[in-house]
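A.B. asks: output the structure for:
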Amino acid sequence: MKKTHIITYSAITLCCYIALTSFIKTSGGHPSSTGAPGEQTCAQSGCHSNASVTTDNTNIVNTLTYSASDSSYVPGQTYSLTLKAKKTGIVKFGFEIVALKTSDNTNIGTWVITDANRTQLLNSGISPNTSRKYITHKTNGTPAFSSGLGQWSFSWTAPSTNVGNIKFYYASNCTNNNAANTGDQLYLSSFQIHPFSGTSMAEFMNEEKFQAILNPALNQLVLNYDLIQECELSVNLFDGQGRIIKKVTSGNRSAGEYSDNIDLSQDISTGIYFVHVNINNQTITKKIMIQ
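C.D. replies: Coordinates of the predicted model:
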């Protein structure tokens with residue numbers, strides 16, 4: 001399942017003045033600024049003092065893509081992650097991310113830098129969370145990756161043993177690039193993963209063939225998929241605010257290729273939608289944008 005969800009410093013403003021200097025810091029976020037349990041954000045006096053702070057767990061701005069489609073981890077295995085912050089008109093972005101064990105909010109796993117030109121590791125948090133480790137942007141990582149899009153890639157290695165659920169907390173800064181520490185927008189998100197259960201979506205569905213298409217003209221959700229074995233399938237369609245638009249349970253289906261046209265009970269307008277397909281307790285998610 002790819003699911004999709006930074007703190008940083010304002011462009012030429014990305015977070016906080018360096019003490020006793022007059023220029024704006026762009027070289028990375030301060031430790032312990034993700035909005036995770038026990039942490040603040042950069043919306044503090046002397047930093048991005050009047051920045052707006054928005055929780056964005058429906059992924060309107062923030063999107064975190066995790067390479068295991070069922071959002072699971074196998075002890076000791078390394079996973080690829082891509083973090084995106086999308087905001088029209090923004091030309092400078094920043095981010096910060098931390099991984100915590102949900103049972104006690106302690107740091108877990110190991111970050112792996114894969115783009116040393118644009119990202120960097122912070123090896124210590126702020127007391128009392130000094131054991132936490134983060135990835136944040138570098139100065140070269142603040143310009144928009146493409147129009148209105150901040151994007152960074154990195155990897156994370158799971159702990160050597162099963163520690164239960166793990167949550168990534170991340171914050172993005174969509175800056176106004178005004179060469180000051182005012183007027184920026186911070187977005188806080190999180191994404192939870194779980195221990196691998198011994199089964200995966202790949203056992204039931206050919207993920208490369210899965211398609212989810214919204215047709216506003218016919219007011220339909222179209223699903224194309226290939227089942228590898230008999231299983232029960234259910235579908236949930238959500239809007240960008242997390243409100244459910246349609247829920248369908250198909251019952252048991254035999255192996256084979258399918259194309260389902262699902263009629264919707266309300267009109268589909270422009271915006272972001274999420275399709276969650278659940279098969280035998282494994283979930284795959286697709287993001288759809290209607291413009």
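
A.B. asks: specify the beta-bridge partners of the nearest residue to S269 once chain neighbours are set aside.
C.D. replies: Nearest non-adjacent residue to S269, counting by CB to CB, 6 or more residues apart in numbering: I290, 7.1 Å away. Yep, even glycine has a C-beta here, placed from its N, CA and C like the rest. Beta-bridge pairing of I290 under DSSP bridges involves G271.

A.B. asks: so how far is S259 from I290?
C.D. replies: Between I290 and S259 the distance is 20 Å, computed by CB to CB, to the nearest Å.

A.B. asks: look at the two and report which has more neighbours.
C.D. replies: Here I290 and S259 are set side by side on neighbour count (other CB atoms under 10 Å), and the busier one is I290, at 12 against 9.

A.B. asks: isn't the more buried one right up against A217?
C.D. replies: No. No contact is recorded between I290 and A217 when judged using CB atoms under 8 Å, the distance being 11.0 Å.

A.B. asks: so who does G141 touch?
C.D. replies: Contacts of G141 were listed using CB atoms under 8 Å, 6 or more residues apart in numbering, and they are 94, 115, 117-119, 152.

A.B. asks: which among the residues you listed gets closest to L64?
C.D. replies: Looking at the contacts of G141 and their distance to L64, the nearest is W152, at 10.4 Å (CB to CB).

A.B. asks: okay, and that closest one sits in which element?
C.D. replies: Element membership for W152, per DSSP states H and E: strand 149-157.

A.B. asks: which parts of stretch 75-91 are buried?
C.D. replies: Within stretch 75-91, the residues that qualify as buried are 79, 81, 83-87, 90-91, counting by 16 or more other CB atoms under 10 Å.

A.B. asks: and the closest residue in space to S67 that isn't next to it in sequence, what are its bridge partners?
C.D. replies: Spatially, and ignoring its direct neighbours in sequence, S67 is nearest to S80 (4.2 Å; CB to CB, 6+ apart). Assessed by DSSP bridges, S80 has beta-bridge partners S155.

A.B. asks: surely S80 is in contact with S155?
C.D. replies: Yes. Contact status for S80 versus S155: in contact at 5.4 Å, counting by CB under 8 Å.

A.B. asks: identify the contacts common to those two.
C.D. replies: Each of T114 lies in contact with both S80 and S155 under the rule CB under 8 Å, 6+ apart.

A.B. asks: show me the shaky parts of the stretch 101-250 of the chain.
C.D. replies: Low-confidence segments of the stretch 101-250 of the chain, defined by pLDDT under 70: 178-183.

A.B. asks: let's see 80
C.D. replies: By pLDDT under 80, the weakly predicted segments of the stretch 101-250 of the chain are 176-183, 197-200, 240-242.

A.B. asks: what residue spans form the domains of the chain?
C.D. replies: Using automatic domain parsing, the domain ranges for the chain come out as 52-195, 201-290.

A.B. asks: make CSV from those and add distance to G28 to it.
C.D. replies: Listed next are those as CSV, based on distance: least, CB to CB, whole Å:
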stretch, distance to G28
domain 52-195, 4
domain 201-290, 28
